[in-house]
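Q: got a predicted structure here, sequence first:
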Number of protein chains: 2
Amino acid sequence: MTQSDGTTDSRPRAARRKARRVKIADIASATGVHPSTVSRVLRADPRGRISDSVAKRVREAAKTMGYRRDVAAASLRTGSTQSIGVIVHDIEDPVYPPILRGIEKRLLERGFMTVVGNTGYDIQAEAEMFEQMATRMVDGVILGTTRLRDRVVELALELGVPLVSVLRNTERLECSAVVNDCAAGMRELVDVVVAHGHRDIAVIAAPQDLSTARDRLRGLQEGLAAHGLDLPPDRLVVVDRMDLASGRAAASALFDRQRRPPQVIMAVNDLVAIGAIQACRERGLSVPGDISITGYNDIPLVDMIDPPLTTMAMNLSEIGRRSADRLLEQLSFPEAKPQLTRVMPKLQLRASLAKVGG
Amino acid sequence: MTQSDGTTDSRPRAARRKARRVKIADIASATGVHPSTVSRVLRADPRGRISDSVAKRVREAAKTMGYRRDVAAASLRTGSTQSIGVIVHDIEDPVYPPILRGIEKRLLERGFMTVVGNTGYDIQAEAEMFEQMATRMVDGVILGTTRLRDRVVELALELGVPLVSVLRNTERLECSAVVNDCAAGMRELVDVVVAHGHRDIAVIAAPQDLSTARDRLRGLQEGLAAHGLDLPPDRLVVVDRMDLASGRAAASALFDRQRRPPQVIMAVNDLVAIGAIQACRERGLSVPGDISITGYNDIPLVDMIDPPLTTMAMNLSEIGRRSADRLLEQLSFPEAKPQLTRVMPKLQLRASLAKVGG
DNA sequence: TTGTAAGCGTTATCAC
DNA sequence: GTGATAACGCTTACAA
């Protein structure tokens, strides 16, 4: 293909659009030094010491000519893209945005970009997304969809791609993980519930293939045991999805059992708890007059609903930040052992939990 | 640097880690065809017709050998990264996640990845982030931080980087934009408020350098005018930030004026409206008994607060989807004229708006 | 302190 | 229908 300036360019249209970008060679000829010297100046390479005068001349030329490094070319040569991928189930799930923000902020400080991928809860999409990202597109991956046994984690180990799990961890901790301390959080919540005089406690739990769901149920049972209480089978419902509709259905199911309603329903998370509140309304049960409800997460506005929800607040941005730190460490020291980091949640005591007979 | 296999590799550690990845040349030697043929098969290039037998052989080898295209190398050659950037103020702002999801879903269907950047409301960070992304890292940008006069939009035009504005637009529509029809939404909301018998209407507006804020105020005034009403200066407060605290402060300011409270406060968005509800509580005013409140956005859980908030629901995922479509169009037809797409919001009538004297 | 040169892996074009 | 080749822009070991 011959251009108006007589050069040939075999690349497609899209490429030519930006083809007139200034590159290292342009700066080199403008300043009369070799391209390699320009490269050394521009990346502040400590190995090749450069005279101050040349460095200054090159930097000025780069600035006035509007030089921007071509990351594709640099990546091809260095094998690093200076970006990392984050895989989440659904960016609309309110737990993720604060985590992403923590990750992104930290990575940006270190000169990394963040690439986000949604899987839409599609287990197949997770592996595909990971493969996409691992294809020299990112230097490492933070996984927010981790299951107790996880295909993506296996893939990462096979391919040697640095990976950190955030929010959840695998059964055998094949990779580093940064999580909320769900078990401790639930034990604390049980302590508070019991301190409010409740003894007949019902639980809405979630599928046990996620570490969060498992740890919360475990913490709950440990908490109950510590007070000499147990969780009878007819006081436990397991939902498939942790959303409002599931919470409502689960609470309804509890009420349908041949027994009077429990004193309190402890839900696996806030959305499920809110669903349970709705179910109570439908049955003419007052919250917290007739029945108390607790959640987990402290998502936005749960302090504004009626009644304000008692819940555990995870420090999500901190969790995000630390997962980014872990990944950066792993880029520097690929052989380091996997580590589990637990971040403590914080109790938010609100009106949805009342004293018995209060 | 000499490896155990006698080859030399001048690249840094990080690069070597993945160095044993299978590449096109490996498949070529395994199948006994030329690399260019492998490339043609693997990209299903319609120009080079390939015999079925070779195609099949190559595809099988690629699969069993676990070939993954190196996107950095492909990008360098083609000038396209098959990814696009999205710039937002703050991923934690609840308007963005549904938009991002709409964008990401659509782009993934077309084989593009999505790169997200937060600016944290830092106007300088917007330009930096854009430059980062424009550096051959993405094929185009969707801008969610657009001001009526916007530096990033100017930059994109200068550099010839495809760009679409989402949620807001520039004064002179220098680039295509996909927005909510804020003016129409507000006119509809005014109609409903007036139909509920309200005449003394107060407004909490936002700075007029964003098209959303401006269009909402404009629509509001048009709506009032259509009913022969006007907006006296002492019934208007402008907040700096559209958050809860600002809404509370603004409503308090309204109440502090030497006049009895208005019948209704129409807020620029839901968070501001919720802040106004809090301010009413603090003054002992019942919502909606003494005063009605309306919002805009229909963010998650505003139907669960006390009282449930009357608001306009934007179709955010649709807005995201369409902005992605616009950008893809622009990649194909860079010379197309900028277009403005307006998406209609939908009224959510809830208890925070009551009939006068009801 | 700076120049030389050899690629990184892929793909568009041309030749056969 | 397939092979050969050069180039995309940058980086870095080595030579000078």
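A: Nice, I can see it.
Q: tell me how many other residues crowd the closest residue to DNA strand D within the stretch 251-358 of chain A.
A: Nearest residue of the stretch 251-358 of chain A to DNA strand D (CB to the nearest atom of the strand) works out as A:Leu331 at 14.4 Å. The C-beta positions use only the backbone N, C-alpha and C, and glycine is treated the same way. If you count neighbours by other CB atoms under 10 Å in any protein chain shown, A:Leu331 ends up with 18.
Q: doesn't it lie inside a helix?
A: Yes. Counting by DSSP: H, G, I helix; E, B strand; the rest coil, A:Leu331 is found in a helix.
Q: next, count neighbours for the closest residue to DNA strand C within the stretch 251-358 of chain A.
A: Of all residues in the stretch 251-358 of chain A, A:Pro334 sits closest to DNA strand C, with a separation of 17.7 Å (CB to the nearest atom of the strand). Burial of A:Pro334 is recorded as 14 neighbouring residues (other CB under 10 Å).
Q: run a quick neighbour tally on the closest residue in space to A:Gln82 that isn't next to it in sequence.
A: Closest residue to A:Gln82 apart from its sequence neighbours, by CB to CB, 6 or more residues apart in numbering or on different chains: A:Phe112 at 5.4 Å. By the criterion of other CB under 10 Å, A:Phe112 has 23 neighbours.
Q: these two touch, right, A:Phe112 and A:Val86?
A: No. Counting by CB atoms under 8 Å, A:Val86 is not a contact partner of A:Phe112; they are 11.2 Å apart.
Q: could you list the domains of chain A?
A: Following automatic domain parsing, one gets these domains for chain A: A:13-69, A:82-180+A:316-346, A:182-314.
Q: could you export the ones you listed as CSV, including mean pLDDT?
A: Putting those into CSV (pLDDT from 0 to 100) gives the following:
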stretch, mean pLDDT
domain A:13-69, 82
domain A:82-180+A:316-346, 94
domain A:182-314, 96
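Q: about what we covered before: look at the residue of the stretch 251-358 of chain A closest to DNA strand C and give its secondary structure.
A: A:Pro334 is classified as coil under three-state DSSP.
Q: go ahead and confirm it touches A:Val161.
A: No. A:Pro334 lies out of contact with A:Val161 (CB under 8 Å); the separation is 10.0 Å.
Q: buried residues in the helix or strand where A:Pro97 lies?
A: Using DSSP states H and E, A:Pro97 sits in helix A:96-109. Judged by neighbour count (16 or more other CB atoms under 10 Å in any protein chain shown), helix A:96-109 contains these buried residues: A:96-108.
Q: I'd like those residues as CSV, with distance to chain B appended.
A: Converted to CSV, the buried residues of helix A:96-109 look like this (distance: CB to the nearest CB, whole Å):
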residue, distance to chain B
A:Tyr96, 8
A:Pro97, 5
A:Pro98, 6
A:Ile99, 10
A:Leu100, 5
A:Arg101, 5
A:Gly102, 10
A:Ile103, 10
A:Glu104, 5
A:Lys105, 7
A:Arg106, 12
A:Leu107, 11
A:Leu108, 8
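Q: for the residues you listed, which one is nearest A:Ala127?
A: Nearest to A:Ala127 out of the buried residues of helix A:96-109 is A:Tyr96 (CB to CB; 19.4 Å).
Q: that closest one and DNA strand C, how far apart?
A: Separation of A:Tyr96 from DNA strand C (CB to the nearest atom of the strand, to the nearest Å): 32 Å.
Q: apart from its neighbours in sequence, what residue is nearest that residue?
A: Excluding the flanking residues, the one nearest A:Tyr96 by CB to CB, 6+ apart is A:Val88, at 4.8 Å.
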